[in-house]
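In: Please find the sequence and the predicted model below.
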Amino acid sequence: MKFAIRSGVAWLALGCVGMMPLSGYAQPSLPWPAKQITWVVGFVPGGTADVLTRVAAQDLASRTGLNVVVENKPGASGAIALQQVARSKAGDGYLITVPGPLIYPTPQPAIGKELAPVMLMAQGPMVIVGPSQRALPALRDVLADARQRPESWSYGSSGNGTSQHLAGELLNQYAGTHIMHIPYKGGGQAVSDVAGGQIPLAILGSAPVLPQIKAGKLKAYAVTTSVRLDALPDVPTVAEAAFPGYDASQWFSVAASPGIDAAVLDRLNAALQQTMRSQAFQAAVNNAGMVAGGGSRDDLQKFIAEDTAKWQKLLDSGAVKLTDGQ
């Protein structure tokens, strides 16, 4: 198997050996309607969605004998990628990693409508971080200073309407603060700016921030879920540090081009079930502080409906400000 990066696209190419069953791998038959699987990520390389997708794509290529191309298509908080895949035909053979919760100012292609559901990939916490060189002792200190000097505080995320943005506005609502949101085109760019001190805070998935935390470049103030992150056992949850009841998570799902036969998507789901259980993917989600997904295609649609309803109260409050200029 060869792996190379070309112009932001990861090519997972299988030669003759790769087309044969590999030791230790089941080989589910996958009559894919295209010569290869093009797996789109709507954010720049380096963020959690990108990291998990690349690991899953490499494993899927090994299992199916198909070439899998991971293509980053950043912009508009992932909307550009969603539109590209929604416009594709079954014969184009696209997959897309769809993060959530994700809210847009105008309707965008959705799983179960313009996009075919495949499965839940992973779910887990986000981490509130700041540059180590001027870190305050704790989250409560950050929020106290933000109340006194609101013009001095902002937080970065991977884009408008993303899970990080929603988590930040939920924190503002709990804390009575007005910390300004700075949207990026992906977690990798936001990590660079917060580690360099260009922004005072960021709320991001754990995969891109853990190396910087361990290197001493970022201070972790809190994790957003109701339970601590195993990789950061000394970092409290927001509920522990400041506000009981606060709980926000992010998740990633897999969807496909519209029109692909349901029987083919069921076989893809079966192959990805094995991918989610693979040693490589389990290691990746553990490093990201997440839990591997799974379940049927119907399970994914039910999960998304329930999660959307959970965030509706925050959206109805008007706390989340979205613009078309994402």
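Out: Looks like it came in fine.
In: Could you point out the longest helix of this structure?
Out: helix 297-316 (DSSP state H).
In: Run through the neighbouring helices and strands of that one.
Out: Contacts defined by 3 or more C-beta pairs under 8 Å, 6 or more residues apart in numbering; DSSP states H and E place helix 297-316 against strand 116-124, helix 163-175, strand 250-256, helix 262-277. No exception for glycine: its C-beta is placed from N, CA and C like everyone else's.
In: what pLDDT, on average, does stretch 296-306 get?
Out: Stretch 296-306 comes out with an average pLDDT of 94.
In: That stretch: how far from the chain's middle?
Out: 17 Å (C-alpha atoms, centre = their mean, to the nearest Å).
In: That one: which residues count as buried?
Out: Within stretch 296-306, the residues that count as buried by 16 or more other C-beta atoms under 10 Å are 296-297, 300, 303-304.
In: same question, stretch 231-243
Out: Buried residues in stretch 231-243, counted by 16+ other C-beta under 10 Å: 231-232, 235-243.
In: which ones among these are found in helices?
Out: 238-241.
In: In TSV, list the buried residues of stretch 231-243 along with pLDDT and distance to K185.
Out: Formatted as TSV, these follow (pLDDT from 0 to 100; distance: C-beta to C-beta, whole Å):
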residue	pLDDT	distance to K185
A231	87	25
L232	92	26
V235	97	27
P236	98	30
T237	97	28
V238	98	26
A239	97	30
E240	97	32
A241	96	29
A242	95	30
F243	96	30
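In: With distance to L265 added, can I get those in TSV?
Out: As requested, these are arranged in TSV below (distance: C-beta to C-beta, whole Å):
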residue	distance to L265
A231	33
L232	37
V235	39
P236	41
T237	37
V238	37
A239	38
E240	41
A241	42
A242	43
F243	41
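In: L60 contacts I37, doesn't it?
Out: Yes: assessed by C-beta atoms under 8 Å, L60 is found in contact with I37 at 7.1 Å.
In: The helix or strand hosting Q58: how far from the chain's middle?
Out: In the assignment (DSSP states H and E), Q58 maps to helix 48-64. Taking C-alpha atoms, centre = their mean, the mean C-alpha location of helix 48-64 is offset from the chain mean by 14 Å.
In: Tell me the buried residues in it?
Out: 48-64.
In: ditto for stretch 286-299
Out: In stretch 286-299, counting by 16+ other C-beta under 10 Å, buried: 287-294, 296-297.
In: Could you list the residues in contact with that stretch?
Out: By C-beta atoms under 8 Å, 6 or more residues apart in numbering, the residues outside stretch 286-299 that reach it are 48, 51-52, 116-125, 127, 205-207, 210, 223, 229-232, 251-253, 265-266, 269, 273, 276-277, 281-282, 285, 303.
In: Go again with 6 Å.
Out: Stretch 286-299 is contacted from outside by 48, 117, 120-125, 206-207, 229, 231, 269, 273, 276, 285, using C-beta atoms under 6 Å, 6 or more residues apart in numbering.
In: Looking at these, which two lie furthest apart in space?
Out: Greatest spatial distance among the contacts of stretch 286-299 (C-beta to C-beta): P117 and A231, at 29.9 Å.
In: where do the strands sit along the stretch 1-150 of the chain?
Out: Counting by DSSP state E, counting those that start in this stretch, one finds strands in the stretch 1-150 of the chain at the ranges 2-6, 9-13, 36-41, 67-72, 94-100, 116-124, 126-131.
In: Validate this expectation: Y155 resides in a strand.
Out: Yes: counting by DSSP: H, G, I helix; E, B strand; the rest coil, Y155 is found in a strand.
In: How about the contacts made by it?
Out: If you count contacts by C-beta under 6 Å, 6+ apart, Y155 has them with 168, 179, 201-203.
In: got the helices and strands packed on helix 297-316 as TSV, with mean pLDDT, distance to F43 and mean neighbour count columns?
Out: Output for the helices and strands packed on helix 297-316, formatted as TSV (pLDDT from 0 to 100; distance: least, C-beta to C-beta, whole Å; neighbours: other C-beta atoms under 10 Å):
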stretch	mean pLDDT	distance to F43	mean neighbour count
strand 116-124	96	14	24
helix 163-175	94	11	24
strand 250-256	96	11	26
helix 262-277	96	20	17
